[in-house]
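Enquirer: Structure of the sequence below:
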Amino acid sequence: MENVDKTRILFVCLGNICRSPAANGVMEQMVGEQGLQDKFLIDSAGTYGGHAGELPDPRMRVAASRRGYNLTHRSRKFREQDFHDFDMIIVMDGSNYENVARLAPERKYLDKVYRFVEFSKNHPNWSYVPDPYYEGHEGFELVLDILEDGCAELINRLK
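Expert: Down below sits the predicted model:
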């Protein structure tokens, strides 16, 4: 993979159509607004491949668009090679963590895996990023609130 001089970040959720592509879009925009795009390579994936090639969920795209984010990432399945291609693998919940951990070629690669909420300062009551797929509008807004908070903190820690 190219761009070895960049910090390579992969966001992971279940289907790669709600949380992780939104984190991808939020992070890319924040990085761009700070003029740091040459410092980061950002991508997302899902532990379930059933949505491969699809755009993010239309409800997430609408909610994100209202905040100025254009989500154009195409869903893909997480693969073992991602442990080699990325410096940080940031999962949205415990189930994603377990699914990613099972694919680790060696235990040392688990040092690259983080839970997104480790970076979320303003949402201390959440131990994971909730999946909004079966929720209403408020679920997507909550996820975006958590993602904006966590991505801002992640950038601050990595600068």
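Enquirer: same for the helix or strand harbouring residue 148, what does it pack against?
Expert: Per DSSP states H and E, residue 148 falls inside helix 137-158. Applying 3 or more Cβ pairs under 8 Å, 6 or more residues apart in numbering; DSSP states H and E, we find helix 137-158 packed against helix 19-33, helix 58-66. All C-beta atoms are positioned from the backbone trio N, CA, C, and that covers glycine.
Enquirer: Would you mind putting those into TSV with mean pLDDT and mean neighbour count alongside?
Expert: Listed next are the helices and strands packed on helix 137-158 as TSV, based on pLDDT from 0 to 100; neighbours: other Cβ atoms under 10 Å:
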stretch	mean pLDDT	mean neighbour count
helix 19-33	98	24
helix 58-66	98	17
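Enquirer: Looking at those, spot the one closest to residue 43.
Expert: The closest of the helices and strands packed on helix 137-158 to residue 43 is helix 19-33. By Cβ to Cβ, the value is 6.5 Å.
Enquirer: circling back: and the angle for the helix holding residue 148 with helix 58-66?
Expert: Inter-element angle recorded for helix 137-158 and helix 58-66: 60 degrees (by axes from the mean of the first three to the mean of the last three Cα atoms, to 10 degrees).
Enquirer: still on that earlier bit, now the helices and strands packed on helix 137-158 as a markdown table including distance to residue 12?
Expert: Below are these laid out as a markdown table (distance: least, Cβ to Cβ, whole Å):
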| stretch | distance to residue 12 |
| --- | --- |
| helix 19-33 | 5 |
| helix 58-66 | 16 |
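Enquirer: nearest to residue 75, of the ones you listed?
Expert: For the helices and strands packed on helix 137-158, the distance to residue 75 is smallest for helix 19-33, at 7.1 Å, taking Cβ to Cβ.
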